[in-house]
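**Student:** output the structure for:
(one chain, ligands or ions: 1)
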Amino acid sequence: MTRKTSAFAPVGAFPLHGEAARAAAGARLAVLSADLPTDLTARVLDGDDAEQLHAFRLSIVARLDDPDHYRMAGEVGNFVADHLGDKGLTAGIFRKDRMIAYGALGLPGPDDPNRGRDLGLPEGELPLVAHMSSAMVESAERGRGLHHRLIGWRLEVAHTLGRPHLLTTVSPRNHRSWGHLANHGLHPRRLLQVGGDLVRLLVHRDARVDPALDTTTAALVPVETLASRWDVFDRGGRVWARLSAGGEGPDQRWFALCGRER
Ligand SMILES: CC(C)(COP(=O)(O)OP(=O)(O)OC[C@H]1O[C@@H](n2cnc3c(N)ncnc32)[C@H](O)[C@@H]1OP(=O)(O)O)[C@@H](O)C(=O)NCCC(=O)NCCS
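**Tutor:** The predicted model follows:
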């Protein structure tokens, strides 16, 4: 059974928009900055950062380990403009003036595409949706916990803005990315066909509830087969975590821990 938690207690009038939302996002920067390596700083981006954000994203996408890990073709609208204005908020991490990471949170309005529809949320819940749109970290800076911090900041901001439903789509092959999201309670819940031929996991967390795995239904699915395992989700299952076996190195294998909710 899903346990309702009391952790969700949004502050102020909501949903917050515009400058009020930016101020709330800025006030949550402590989540990102606490114990940040001393050579780095974090701030909420604004319109003046558009060019640098655009160039940074292009440079990361050009060097992905696997081009399927992030496809700009799967984006809707103007990503940069939409995440620096009323439709979204972005935090950037910098070394001096150079961007080395960002995390973007989408705040869909009534007329915008809303991933809540893909999950079948009732219309009344759609204003409570925030999108964990994207996060990228420069290769040389990976493995320092920056992605985890950027996820944590976006969860805090969504909470403050009164949006408990967090959703996004991720490549099933990008198991590092969805594994990190699952660590923060954003579980792959569906497979979707998007932008024609792309298969994506739809990940979701409702911050008002704290679901638990029914261990009698638990199964380990090799991550490389997840994109074809529609049956896992059709049966009401979800992915709870990414697990590894075989130690580090060439023998290491990765699995999705799947199963239904208790
Ligand atoms: C996916 C991506 C964002 C991960 O970024 P990252 O900053 O290396 O991620 P983190 O450092 O937070 O986590 C990496 C590992 O470092 C570990 N780590 C090291 N220091 C840590 C700290 N201080 N706090 C938390 N975790 C830490 C984590 O446990 C994690 O281990 P795991 O992968 O086994 O869970 C990055 O690889 C990337 O930009 N990829 C290309 C773009 C992309 O695919 N983006 C995602 C889709 S939009």
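
**Student:** switch to C-alpha atoms for all contacts and neighbour counts from now on
**Tutor:** OK.

**Student:** which stretch of helix or strand covers residue 52?
**Tutor:** Taking DSSP states H and E as the definition, residue 52 sits inside helix 50-61.

**Student:** list the helices and strands that helix packs on?
**Tutor:** The helices and strands touching helix 50-61, judged by 3 or more C-alpha pairs under 8 Å, 6 or more residues apart in numbering; DSSP states H and E, are helix 79-82, strand 98-106, strand 129-137.

**Student:** figure out which of these is closest to residue 121.
**Tutor:** With C-alpha to C-alpha as the measure, strand 129-137 is the member of the helices and strands packed on helix 50-61 nearest residue 121 (9.6 Å).

**Student:** now do the same contact list for the closest residue to residue 115 other than its chain neighbours.
**Tutor:** Distance criterion C-alpha to C-alpha, 6 or more residues apart in numbering; nearest residue to residue 115, sequence neighbours excluded, is residue 167 at 6.4 Å. Applying C-alpha atoms under 8 Å, 6 or more residues apart in numbering, one finds that residue 167 lies in contact with 115, 116, 129, 130, 131, 132, 186, 202, 203, 204, 205.

**Student:** backbone phi and psi for residue 209, please?
**Tutor:** phi -130, psi 160 (degrees, to the nearest 10).

**Student:** shaky segments in the stretch 151-262 of the chain?
**Tutor:** By pLDDT under 70, the stretch 151-262 of the chain contains no weakly predicted segment.

**Student:** which SS class is whatever residue of it ends up closest to the ligand?
**Tutor:** The nearest approach of the stretch 151-262 of the chain to the ligand comes at residue 177, 4.5 Å away (C-alpha to the nearest ligand atom). Classification of residue 177 using DSSP: H, G, I helix; E, B strand; the rest coil returns helix.
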